[in-house]
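> here is a sequence together with a model predicted from it:
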Amino acid sequence: MTDASVRPATRTDRPAWIRLRHALWPDCPEEKHRIEIDQLLASDGIVLLAEVSGAGPIGFAEASIRHDHVSGASSSPIPYLEGWYVDERFRHRGVGRALILAVEAWVRDQGYSELASDAETTNEDSIAAHHRLGLREVERTVQFVKTFS
């Protein structure tokens, strides 16, 4: 099991949080990470960081409250796991599970009965991790956008 502790993120965690987000979403510009962090901190969702003594933050889970339709969900609004990441050096030690269990506790404390999430269809590791933690797959999609000039 893990020796990591899990706690809510704060503004002072911004540098480590950006580092972790960049590891998960390397193509996302730093300025967009900064904007999204500000939005998450001001939202009614929660962001949790996992830390190990001497290593600082090593993982995060970001959950928002979505008010739009979420496939497979029977309620709205619904907590939605927007991002979930553990530094590769600390994987397979229960850190990801600790983050999700903390998100689930928060979901129940807020009075919700469901948690939704997603993963890229090609990210088999993430899909398997979701399954191991009790989330069930409800749909696979390909999304499209057409841009007009």
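That came through, no problem.
> just give the number of residues close to Arg91.
Close neighbours of Arg91, defined as other CB atoms under 10 Å, add up to 15. Backbone N, C-alpha and C define where each C-beta goes, glycine included.
> got the contact list for the longest helix anywhere in the chain?
Assignment by DSSP state H gives helix 95-109 as the longest helix of the chain. Taking contacts as CB atoms under 8 Å, 6 or more residues apart in numbering, the residues outside helix 95-109 that touch it are 2, 4, 6, 46, 48, 50, 58-61, 63, 79, 81, 84, 86, 114-115, 129, 133.
> can you flag the buried ones in those?
The neighbour-count test (16 or more other CB atoms under 10 Å) marks 2, 4, 6, 46, 48, 50, 58-61, 63, 79, 81, 84, 86, 115, 129, 133 as buried among the contacts of helix 95-109.
> could you list which of those belong to helices?
Ala129.
> which members of the buried ones among the contacts of helix 95-109 occur in strands, if any?
If you go by DSSP state E, the buried ones among the contacts of helix 95-109 have 6, 46, 48, 50, 58-61, 63, 79, 81, 84, 86 in strands.
> which ones are touching the residue nearest the centre of the chain?
Centrality entry for the chain: nearest residue to the mean C-alpha point is Gly83, 2.6 Å, by CA atoms, centre = their mean. Contact partners of Gly83, counting by CB under 8 Å, 6+ apart, are 21, 24-25, 60-62.
> want to throw those into CSV with distance to Arg11 and pLDDT?
Formatted as CSV, those follow (distance: CB to CB, whole Å; pLDDT from 0 to 100):
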residue, distance to Arg11, pLDDT
Arg21, 15, 97
Leu24, 20, 96
Trp25, 20, 96
Phe60, 14, 98
Ala61, 18, 98
Glu62, 15, 97
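> got the residues you listed as JSON lines, with distance to Trp106 columns?
Formatted as JSON lines, these follow (distance: CB to CB, whole Å):
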{"residue": "Arg21", "distance to Trp106": "19"}
{"residue": "Leu24", "distance to Trp106": "20"}
{"residue": "Trp25", "distance to Trp106": "23"}
{"residue": "Phe60", "distance to Trp106": "14"}
{"residue": "Ala61", "distance to Trp106": "9"}
{"residue": "Glu62", "distance to Trp106": "12"}
